[in-house]
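Chemist: Sequence first, then the predicted structure, then my questions.
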Amino acid sequence: MSMEQQKMNYVTAFGFLWRYASKYKRNFIRFYLGFLFDTILQIAIPIVSGIMVDEIVYFQNVPTFLRLGLVYLVMLVFSCTLYFFIYAQHHYLINIFTMEIKRDLFAQMQKSDAQFLTDASSGDLVHMIYQYGTECMYFMVRNVSHQLNNLLLIAAIVVYLFVIDWRMGLFLAFAAPVSVAVSMRFGKKVRRLGEQEREYYSGYMGWVFERLSGLRDLRMLGGTGAD
Amino acid sequence: MNQRKQSKFSKFYVKHIIKKPFVFYGFLGFGIGLFLYLSLTVKLDVVQSVPAEVSGHQITLKGEHDLTTGVMYLYYDRNDRVYKLQVVRCTYEDGNTVCTVEENQGLSGKMDADLVLGSEILLKRIL
């Protein structure tokens, strides 16, 4: 049996990962909610700081400025402490969630045919077990949690700008997809370079493993001779 | 000894911070509650900008306005300087509002005025 490679799209990749993620859905929900409230704070904090500037610079209203300062401080402390809870979940998930993927990957590798194991370099296999699981977690973080929150953030900012000036709102509504298109175009190049890096690194790891294995064999042969 | 202590701490951390939802949701609820309380109690002035004509202690504002506080903000350029003036009384003349101020700080001519017409809560301003 060989290691089959199948190209997945966003939905199929999420569907595949959900088999593993569903066991920890409560942790993922907490992780997502943490970032959702952080996104809400990202919208509210600049608005409050803008009002603070108005109150102190234009209206010289010190009591209101101080009260707003307290709100600002509470929001900042809340945001900072929230990061502690978010990353507590993140680190737990990156250990437990990815461990199951790595275990399954290893089990699959053990079932692979001799031809595949002969062709694949040790470095590539080690890199695959170690890095692929972590990449799955990054997919859940970047492509699911952050993407959803960023879409909400863009929608909120577009609505906010529409209220201030419809032209600014319209501009952002067009600029956001253009920016995504540009990022995707450059993203392809980054992914290609990432693949290259993986190839070189796994080659390097393979070389190190083979050297270490050769060294061990030499030591063992030396040991046999001494007996 | 140190390892046992560390292990106790790790068990507590994993149990209460990661696995049990109470600390996380409690903190989230507390933070949201505190933010709502503060944003519902902090009141901000609702300000409207209108053209004004300053002549001595009298300021003529375009249109009829009901000033809720005795304060008016005048400026030529808002980013340069804003003058805070105390209003003594206001009357309506020919569809305009004529206000008398305590001290006009040497201002004269056409300016813009920010009038405090009421107040609103911070949450409303954010939303």
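Modeler: Alright, I've got the coordinates.
Chemist: Please make it C-alpha for all contacts and neighbour counts, starting now.
Modeler: Will do.
Chemist: What residues sit buried inside stretch B:53-68?
Modeler: In terms of neighbour count (16 or more other Cα atoms under 10 Å in any protein chain shown), stretch B:53-68 has its buried residues at B:53-54, B:57-62, B:65, B:67.
Chemist: for B:V50, helix, strand, or coil?
Modeler: Classification of B:V50 by DSSP: H, G, I helix; E, B strand; the rest coil places it in strand.
Chemist: For chain A, which segments are assigned as helices?
Modeler: Per DSSP state H, chain A carries helices over the ranges A:10-21, A:25-53, A:62-111, A:114-119, A:122-138, A:147-164, A:166-226.
Chemist: Tell me which of the ones you listed sits nearest to B:Y92.
Modeler: Checking the helices of chain A against B:Y92 by Cα to Cα gives helix A:62-111 as the closest, at 30.4 Å.
Chemist: How many residues are close by residue 120?
Modeler: Reading this off chain A. For A:A120, the neighbour count with other Cα atoms under 10 Å in any protein chain shown is 12.
Chemist: that's the wrong chain, I meant chain B
Modeler: 14.
Chemist: Verify the stated contact: it with B:T41.
Modeler: No. Judged on Cα atoms under 8 Å, B:E120 makes no contact with B:T41 at a distance of 9.7 Å.
Chemist: Spatially central residue in chain A, please.
Modeler: Nearest to the mean C-alpha position of chain A, counting by Cα atoms, centre = their mean, stands A:Y138 at 3.0 Å.
Chemist: Residues of chain A that sit close to chain B?
Modeler: A:27, A:30, A:44, A:47-48, A:58-60, A:64, A:67-68, A:71, A:74-75, A:78, A:82, A:85, A:88-89, A:92 (Cα under 8 Å from any Cα of the partner chain).
Chemist: Give the buried residues for the one helix or strand in chain A whose mean pLDDT sits lowest.
Modeler: When the helices and strands of chain A are compared on mean pLDDT, DSSP states H and E, helix A:114-119 comes out lowest with a mean of 75. Within helix A:114-119, the residues that count as buried by 16+ other Cα under 10 Å are A:L117.
Chemist: hang on, the earlier thing: lowest average confidence across the helices of chain A, which one?
Modeler: Of all these, the minimum mean pLDDT falls on helix A:114-119 (a mean of 75).
Chemist: Of the residues of chain A next to chain B, keep whichever come out buried.
Modeler: A:27, A:30, A:44, A:48, A:58-60, A:64, A:67-68, A:71, A:74-75, A:78, A:82, A:85, A:88-89.
Chemist: Next, name the residue at the spatial heart of chain B.
Modeler: Chain B, centroid-nearest residue using Cα atoms, centre = their mean: B:L44 at 3.2 Å.
Chemist: Report whether the strand or helix carrying that one contacts chain A.
Modeler: Take DSSP states H and E as the rule and B:L44 turns out to sit in strand B:43-55. Yes. Between strand B:43-55 and chain A, judged by Cα under 8 Å from any Cα, the touching residues are B:43-44.
Chemist: Please export the alpha-carbon coordinates of that strand; PDB is fine.
Modeler: What follows is strand B:43-55, C-alpha atoms only, in PDB (Å, rounded to 0.1, in the frame of the first residue of the first chain):
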ATOM      1  CA  LYS B  43     -22.400  59.500  29.100                       C
ATOM      2  CA  LEU B  44     -21.100  61.600  26.200                       C
ATOM      3  CA  ASP B  45     -22.300  64.900  24.900                       C
ATOM      4  CA  VAL B  46     -24.200  65.000  21.600                       C
ATOM      5  CA  VAL B  47     -22.700  67.800  19.600                       C
ATOM      6  CA  GLN B  48     -23.900  69.500  16.500                       C
ATOM      7  CA  SER B  49     -21.800  71.900  14.400                       C
ATOM      8  CA  VAL B  50     -23.500  75.100  13.100                       C
ATOM      9  CA  PRO B  51     -22.200  78.300  11.500                       C
ATOM     10  CA  ALA B  52     -21.900  81.200  14.000                       C
ATOM     11  CA  GLU B  53     -21.300  85.000  13.900                       C
ATOM     12  CA  VAL B  54     -19.500  86.500  16.900                       C
ATOM     13  CA  SER B  55     -20.000  90.100  17.800                       C
END
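Chemist: tell me the mean pLDDT over that strand?
Modeler: 87.
Chemist: Partner strands of that strand and their direction?
Modeler: Using DSSP bridges, the strands paired with strand B:43-55 are strand B:58-61 (antiparallel), strand B:109-121 (antiparallel).
Chemist: Let's have these in TSV, adding mean pLDDT and distance to A:W18.
Modeler: As requested, the strands paired with strand B:43-55 are exported to TSV (pLDDT from 0 to 100; distance: least, Cα to Cα, whole Å):
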stretch	mean pLDDT	distance to A:W18
strand B:58-61	88	64
strand B:109-121	86	43
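Chemist: Just name the most buried of those.
Modeler: strand B:58-61 (a mean of 22; mean count of other Cα atoms under 10 Å in any protein chain shown).
Chemist: where does chain B have low pLDDT?
Modeler: For chain B, applying pLDDT under 70 flags the ranges B:1-6.
Chemist: Helices along that one, start to end?
Modeler: Under DSSP H, chain B gives helices at B:2-12, B:22-41, B:122-126.
Chemist: Can you lay out those as a markdown table showing distance to chain A and mean neighbour count?
Modeler: Conversion of the helices of chain B to a markdown table gives the following (distance: least, Cα to the nearest Cα, whole Å; neighbours: other Cα atoms under 10 Å in any protein chain shown):
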| stretch | distance to chain A | mean neighbour count |
| --- | --- | --- |
| helix B:2-12 | 12 | 11 |
| helix B:22-41 | 6 | 15 |
| helix B:122-126 | 7 | 16 |
